[in-house]
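Visitor: Got a predicted structure here, sequence first:
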Amino acid sequence: MSAVPTRAAVLWRLGASPPYAGGSALTVESLVLAGPEAGELLVRIEAAGLCHSDLSVINGSRPRPTPMVLGHEAAGVVEAVGPGVIDVAPGDHVVMTFVPSCGHCFECAAGRPAMCTVGAVANGAGRLVAGGTRFSRDGVDFAHHLGVSAFAERTVVSRGSVVVVPASVPFDVAAMLGCAVLTGFGAVVTTAGVRPGESVVVFGLG
């Protein structure tokens, strides 16, 4: 598939100070998005949330390479699939996940895809699991945020970065499943071990 134009919110440098109104941190840019490679999908973004992890990159407390297309909590519609993708088709509705899994590292093979070492390295480098970036302009590559880069009209993601959801789920609700519900529910059930019927105390809302 040939490259397509897309608009995206780009972070050019780390360390911006709040408040971020007036375009002091992100600017909307016209970029070129390469088509999906093997094991990847082209997704049209329909809804995206702003998470504190995005703000942590902007203020520099979570360093990432720049320029970068931010955003990682999102839902959208698959427009095209790359070679080797057989279980997702154009038209499918998907939720993005910020923890891509390669499917073949030790952690993935052990049934712990959320601990994928290949995905963690790719996220830190601002690349996709298969390597490289898909956003560019005039010879400059733009890094991916957590394998998603949801603050764009369209994005290319690894197959291991999406979960297919029923088309009946509203996009704004589905987007929340990508981070807010995933991390919140995961912390309660997995980390804290809370079970139905138990009483708990919540400290803070962060």
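Guide: Arrived safely.

Visitor: could you list every residue that touches Ala143?
Guide: By C-beta atoms under 8 Å, 6 or more residues apart in numbering, Ala143 lies in contact with 64-69, 125-127, 133, 135. (Glycine included, C-beta is placed from N, CA and C.)

Visitor: Going along the chain, name the helices of this protein.
Guide: 52-58, 106-109, 117-125, 171-176, 180-186 (DSSP state H).

Visitor: now the shortest one, how far from the chain's geometric center?
Guide: So the one you mean is helix 106-109. How far helix 106-109 lies from its chain's middle: 21 Å, per C-alpha atoms, centre = their mean, to the nearest Å.

Visitor: what packs against that helix?
Guide: Under the contact definition 3 or more C-beta pairs under 8 Å, 6 or more residues apart in numbering; DSSP states H and E, helix 106-109 sits against helix 117-125.

Visitor: before we move on, back to that, using PyMOL, define a selection of the buried residues within the contacts of Ala143.
Guide: Buried subset of the contacts of Ala143, written as a PyMOL selection, criterion 16 or more other C-beta atoms under 10 Å:
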select buried, resi 64+65+67+68+69+126+127+133+135
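
Visitor: In JSON lines: the contacts of Ala143, plus pLDDT and distance to Val4.
Guide: Listed next are the contacts of Ala143 as JSON lines, based on pLDDT from 0 to 100; distance: C-beta to C-beta, whole Å:
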{"residue": "Arg64", "pLDDT": "94", "distance to Val4": "24"}
{"residue": "Pro65", "pLDDT": "94", "distance to Val4": "23"}
{"residue": "Thr66", "pLDDT": "95", "distance to Val4": "23"}
{"residue": "Pro67", "pLDDT": "97", "distance to Val4": "19"}
{"residue": "Met68", "pLDDT": "97", "distance to Val4": "19"}
{"residue": "Val69", "pLDDT": "97", "distance to Val4": "14"}
{"residue": "Ala125", "pLDDT": "95", "distance to Val4": "24"}
{"residue": "Gly126", "pLDDT": "95", "distance to Val4": "20"}
{"residue": "Arg127", "pLDDT": "96", "distance to Val4": "20"}
{"residue": "Thr133", "pLDDT": "95", "distance to Val4": "15"}
{"residue": "Phe135", "pLDDT": "98", "distance to Val4": "11"}
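
Visitor: Take the contacts of Ala143 and keep only those in strands.
Guide: Judged by DSSP state E, the subset of those located in strands is 68-69, 135.

Visitor: Between those, which sits nearest Ala175?
Guide: Using C-beta to C-beta, Val69 comes nearest to Ala175 of the ones in strands among the contacts of Ala143, at 16.4 Å.
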